[in-house]
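[1] Predicted model and sequence follow; I will ask about them next.
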Amino acid sequence: DQTIASEAVEKRKRGFDDNDGSDSVNKISDAAPRTANLTPRKVNSAGKPADAGIIDRVYVENFMCHRKLTVTLCQNVNFIHGQNGSGKSAVLAAIQICLGAGARRTHRARNLRELIRKGSSPGTCARVRVTLLNKGSDAFQHEVYGDHITVERSIASSSGGYNGYKLLNTEMKEKSRSKKDLDLMLDQLNIQVENPVAVLDQEEAKKFLTGKAEDKYAFFMKATELERIDRSYASTQDTVYELEETNNRIRDSLKPASDNVKKLEKEWENCQELEKLEGSIGDQRILYAWSFVKELQKNVQKEEKILAMLNAKLAQRSEEFEQFKDINSGAQEEHIKSLNDKMALLTEEAQQARSNKLDMAENVRKAMAPVKKTERELKDCKRDGVLAKRRIVAATNRLKNARDEILKNAGNAESEEARRTEMMEQTESSISEDKVKLEKQKTSVAQCLNDYDELEPHVDQAKSNVNAVNVQMHAVLKRGNELKSTAGSRSLAVFGPKCATMAKKVEEAR
């Protein structure tokens, strides 16, 4: 008979964070990496059993050789004995599987489905429950789970069933299905199902008793948790490297944003400066407006001084004018009469000059008529000459092309040569006619030029006569206007050009 001493929970004074519950627990999450956290553990008083982390009851269903089995344990040491194949190791395997160990760690199966009882009906699932005490100061979330925590693990025979963990409270109500919560509970209660010192099955005992030095060293590494610490250190170092790379990537990604922030800060500073400048511009505008007012006030004062001077001069001139009016009132009528006679004579001369201007303009128009006709004929002759030259050039080109064509095709039949000869004669006759027309155009152009040369002196003479008449008429009209202004101002213009203006202002002032 073989007796297996199963000590499910071993309270020890240590300070390592256990994240090595099963094969799946060893995987470190990228999103939330776990590192070693050294915290002091409480030690139970001497002679007093532990209140938290002690296995109170184990229940298996369709697991290995058991259809249904419930094992109730005490708080101290428990011995399970029986014949070979009676299911002693199945109880230990159930504890390991339920608390997070993998199937290979039990040394009873390669995967979880092989732990389902043989001979079960298809679709049957295995179920394992381990109930732990959860009392005292080391209790895990006592307000949630109460005095007992039950860990249930289901093993489905098909892919459609549920494979996973459930955490139940004292009233057997489900509180969580997260493997993370299970790891936190095992860590706080210091339960290590992977540690051979805590769970020593037959295979691990054989390795320890009869194994090689390498096996004993591996046993030592597991028992002292150096292996777990090494893995934790390696995973922590990898996590540090990943965080450094992430930090570098974040810094690189933040560089454009930082540059943009600096740019925006500069723009903000510029905006602040613009606001200050706008305020300064408002002040300058006010100062400019007041400066403009001051300038206008200076101009008004200057104009007032000038107006006062002019009023004084006007009063003085008024006195002088009154004196002069008394002196010259008798001789004024005779002078006005003589001026009217002169004005009548000048008016008659102006009318005579106007009639002469009209006659001269008619003569100029008649003299310019044949000149304009000759200019139009000359323009037409030049246009016809240009057209004739173009036709000659075209005919010459056609003649040249015809000759080239004849020389090129000299070996053709006589009929073709006769046709080309006829074409050449026609082209030459056309050129001769064009030349005759050109000579006629040249003769006509020469005749027009001679007529233009003969008429040009007469035209120049007529233009000069018209200019002289215009000058004479302008002088007569100017003299008449002067006489009119003189008569209207009572002949004061003889005393100077300003005297008449002064008299007019005096009349307006009255």
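    Thanks, I have it.
[2] Look at residue 441 and tell me its secondary structure.
    helix (DSSP: H, G, I helix; E, B strand; the rest coil).
[3] now do residue 61
    When classified by three-state DSSP, residue 61 comes out as strand.
[4] what do you get for the one 10 residues further on?
    Reducing the assignment at residue 71 to three states with three-state DSSP gives strand.
[5] what sits against it?
    With contacts defined as C-beta atoms under 8 Å, 6 or more residues apart in numbering, residue 71 is in contact with 57, 58, 59, 80, 91. Just so you know, the C-beta spots here come from the backbone N, C-alpha and C atoms, and that holds for glycine as well.
[6] Kindly recompute the last result at 7 Å.
    Taking C-beta atoms under 7 Å, 6 or more residues apart in numbering as the criterion, residue 71 is in contact with 57, 58, 91.
[7] Tell me how many other residues surround the second one.
    Think residue 58. Counted with other C-beta atoms under 10 Å, residues neighbouring residue 58 total 22.
[8] element containing it, please.
    For residue 58, the host element (DSSP states H and E) is strand 52-63.
[9] List the buried residues in that strand.
    52, 53, 54, 55, 56, 58, 59, 60, 61, 62, 63 (16 or more other C-beta atoms under 10 Å).
[10] Please export the C-alpha coordinates of that strand as PDB.
    Only the C-alpha atoms of strand 52-63 are listed here, as PDB (Å, rounded to 0.1, in the frame of the first residue of the first chain):
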ATOM      1  CA  ALA A  52      -7.500  31.300   5.500                       C
ATOM      2  CA  GLY A  53      -6.300  29.200   2.600                       C
ATOM      3  CA  ILE A  54      -7.100  25.800   4.300                       C
ATOM      4  CA  ILE A  55      -8.900  23.200   2.100                       C
ATOM      5  CA  ASP A  56     -12.200  22.500   3.700                       C
ATOM      6  CA  ARG A  57     -13.800  20.300   1.200                       C
ATOM      7  CA  VAL A  58     -13.100  18.600  -2.300                       C
ATOM      8  CA  TYR A  59     -15.900  17.600  -4.700                       C
ATOM      9  CA  VAL A  60     -15.300  15.800  -8.000                       C
ATOM     10  CA  GLU A  61     -17.800  14.600 -10.600                       C
ATOM     11  CA  ASN A  62     -17.000  12.400 -13.600                       C
ATOM     12  CA  PHE A  63     -13.300  13.000 -12.900                       C
END
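[11] who are the neighbours of it, in terms of helices and strands?
    Judged by 3 or more C-beta pairs under 7 Å, 6 or more residues apart in numbering; DSSP states H and E, the packing partners of strand 52-63 are strand 66-72, helix 88-98, strand 126-134.
[12] Now do the longest one and strand 66-72, the angle between them.
    Using axes from the mean of the first three to the mean of the last three C-alpha atoms, to 10 degrees, one finds that helix 88-98 and strand 66-72 are set 80 degrees apart in direction.
[13] what does the last one give?
    Computed with the same axes, to 10 degrees, the direction of strand 126-134 lies at 10 degrees from that of strand 66-72.
[14] Could you check how far strand 126-134 is from the centre of its chain?
    63 Å (C-alpha atoms, centre = their mean, to the nearest Å).
[15] any idea of the mean pLDDT in that strand?
    For strand 126-134, mean pLDDT rounds to 91.
[16] What residues sit buried inside the helix or strand harbouring residue 214?
    Using DSSP H and E, residue 214 sits in helix 213-223. For helix 213-223, a neighbour-count test (16+ other C-beta under 10 Å) marks 218, 219, 222, 223 as buried.
[17] which one among those residues gets closest to residue 396?
    When these are compared for distance to residue 396 (C-beta to C-beta), residue 218 comes out closest, at 117.8 Å.
[18] ok, which stretches of the stretch 101-250 of the chain are helices?
    Using DSSP state H, counting those that start in this stretch, the helices of the stretch 101-250 of the chain run over residues 142-145, 179-189, 202-210, 213-223, 226-328.
[19] The second one: how far from the chain's middle?
    What separates the centre of helix 179-189 from the centre of its chain is 52 Å, taken as C-alpha atoms, centre = their mean.
[20] I'd like to know which elements the helix or strand hosting residue 405 is packed against.
    Using DSSP H and E, the element containing residue 405 is helix 332-408. In terms of contacts (3+ C-beta pairs under 7 Å, 6+ apart), helix 332-408 is packed against helix 414-488.
[21] Rounded mean pLDDT for the helix it packs on, please.
    74.
[22] try stretch 277-289
    Stretch 277-289 comes out at a mean pLDDT of 82.
[23] what does stretch 141-153 give?
    For stretch 141-153, mean pLDDT rounds to 91.
[24] Run the chain-centre distance for it.
    Relative to its chain's centre, stretch 141-153 lies at 58 Å (C-alpha atoms, centre = their mean).
[25] measure that stretch end to end?
    Using C-alpha to C-alpha, to the nearest Å, the end-to-end distance of stretch 141-153 comes to 20 Å.
[26] going forward can the numbers begin at 17, since that is how I track them
    In the new count, where the first residue is 17, that last one comes out as stretch 157-169.
[27] which parts of that stretch are buried?
    Using 16+ other C-beta under 10 Å as the test for burial, stretch 157-169 gives 157, 158, 161, 162, 164, 165, 166, 167, 168, 169.
[28] Quick check: chain neighbours aside, which residue is closest to the fifth one?
    Spatially, and ignoring its direct neighbours in sequence, residue 164 is nearest to residue 186 (4.6 Å; C-beta to C-beta, 6 or more residues apart in numbering).
[29] Same question for the second one.
    If the residues on either side of it in the chain are set aside, residue 158 comes closest to residue 150, at 6.1 Å by C-beta to C-beta, 6+ apart.
[30] Go ahead and confirm the one you found touches residue 167.
    No - contact criterion C-beta atoms under 7 Å: residue 150 and residue 167 do not qualify, at 11.2 Å.
[31] What is the nearest of the buried residues of helix 229-239 to residue 320?
    For the buried residues of helix 229-239, the nearest to residue 320 is residue 238 (116.6 Å; C-beta to C-beta).
[32] Contact partners for that closest one?
    211, 212.
[33] any idea how far residue 247 is from it?
    11 Å (C-beta to C-beta, to the nearest Å).
[34] Which helix or strand in this protein has the lowest average pLDDT?
    strand 20-21 (a mean of 32; mean pLDDT, DSSP states H and E).
[35] Let me know the pLDDT of residue 56.
    49.
[36] re the thing from before, now render the contacts of residue 87 as CSV, adding distance to residue 451 and pLDDT.
    As requested, the contacts of residue 87 are arranged in CSV below (distance: C-beta to C-beta, whole Å; pLDDT from 0 to 100):
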residue, distance to residue 451, pLDDT
73, 140, 92
74, 138, 94
107, 139, 90
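[37] now the spatially most central residue of the chain: how far from residue 264?
    When C-alpha atoms, centre = their mean is applied to the chain, the residue found nearest the centroid is residue 276 (13.0 Å). The spacing between residue 276 and residue 264, counted by C-beta to C-beta, is 20 Å.
[38] residues contacting the residue lying closest to residue 398 once chain neighbours are set aside?
    Residue nearest to residue 398 in three dimensions, not counting chain neighbours: residue 461, with 6.9 Å by C-beta to C-beta, 6+ apart. Neighbouring residues of residue 461 by C-beta under 7 Å, 6+ apart: 394, 397, 398.
[39] cool, residue 141 as well?
    Each residue near residue 141 by C-beta under 7 Å, 6+ apart is listed here: 170, 171, 172, 173, 177.
[40] List phi and psi for it.
    phi -120, psi 150 (degrees, to the nearest 10).
[41] Identify the residue nearest it in space, chain neighbours excluded?
    Sequence neighbours aside, residue 172 is the residue nearest to residue 141 in space, at 4.7 Å (criterion: C-beta to C-beta, 6+ apart).
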